[in-house]
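*Asks:* Kindly return the folded structure for what I paste below:
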Amino acid sequence: MNQTQRERIEALYADYVAAIDEDRLEEWPAFFKEHCLYRITNRRDFDRGLKHGAMWANSLGMLKDRISALREANIYEDHTYRHITSAFRVLESNEQEAWVNANFLVIRTMQNGDMSLFAAGTYQDHIVFEGNDTYLAERIVICDSQKLDTLLAIPL
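*Replies:* This next block holds a predicted model:
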């Protein structure tokens, strides 16, 4: 992997979490390819090869629908996320794509000011380089805990 590709992945990661943390959720689907996979699961189920997830989408349209539902239909207590991500680790790469992972923590802040560690785990990503653009073809969010909060409304 060359330095330019590394910088593009760093920018993708930084922009991705900023869009979520700054409540610019309408921008979130644009980080993905048209035909993509986004899944939130837990370590135990992932290690068992189970393909289900607490949140699951396999197209850009499904991601957009998710945000539309959050904004217009779902009722949940207002809260914000703050992501902390580790440096990413390259598992495999070529000129067009890369398979990388990084660890993450998400701190959730509720309207009343209460803060808690909401999620911790690993992003397992398949990234595609197209011209000057960089996209997620697949993001599997693998949470360390089997216990997921019922308030999993906003993407991780």
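
*Asks:* so where's the chain shaky on pLDDT?
*Replies:* Regions of the chain meeting the criterion pLDDT under 70 cover residues 74-76, 149-151.

*Asks:* which parts of the longest helix seen in it are buried?
*Replies:* When the chain is parsed with DSSP state H, its longest helix is helix 3-21. Burial within helix 3-21, assessed by neighbour count using 16 or more other C-beta atoms under 10 Å, is assigned to 5-6, 8-9, 12-13, 16-17, 19-20. Quick note: C-beta positions are derived from backbone N, CA and C, even for glycine.

*Asks:* what comes into contact with it?
*Replies:* 24-25, 27-28, 31, 80-83, 85, 88, 90, 93, 98, 100, 102, 127, 129, 134-136, 154-156 (C-beta atoms under 8 Å, 6 or more residues apart in numbering).

*Asks:* Tell me where this structure has strands.
*Replies:* 32-42, 55-57, 79-85, 89-93, 97-110, 115-130, 133-143 (DSSP state E).

*Asks:* which outside residues touch the shortest one?
*Replies:* Applying C-beta under 8 Å, 6+ apart, the set of residues contacting strand 55-57 from outside is 36-40, 63, 66, 141, 152, 155-156.

*Asks:* just to revisit the earlier point, in PyMOL, how would I select just the buried ones from the contacts of helix 3-21?
*Replies:* In PyMOL, a selection of the buried entries from those looks like this (16+ other C-beta under 10 Å):
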select buried, resi 25+28+31+81+83+88+93+98+100+127+129+134+135+136+154+155+156
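
*Asks:* re the thing from before, looking at the strands of the chain, spot the one closest to residue 73.
*Replies:* strand 55-57 (15.5 Å; C-beta to C-beta).

*Asks:* Quick check: neighbours of that closest one in the sheet, parallel or antiparallel?
*Replies:* The strands that strand 55-57 pairs with in its sheet are strand 32-42 (antiparallel) (by DSSP bridges).

*Asks:* If you count neighbours, what's buried in the strand it pairs with?
*Replies:* Going by neighbour count (16+ other C-beta under 10 Å), the buried part of strand 32-42 is 32-33, 36-42.

*Asks:* so which of those residues comes closest to residue 106?
*Replies:* The closest of those, once distances to residue 106 are taken by C-beta to C-beta, is residue 40, at 11.0 Å.

*Asks:* tell me the residue furthest from the middle of the protein?
*Replies:* For the chain, the residue at maximal distance from the C-alpha centroid (C-alpha atoms, centre = their mean) is residue 112, at 25.6 Å.
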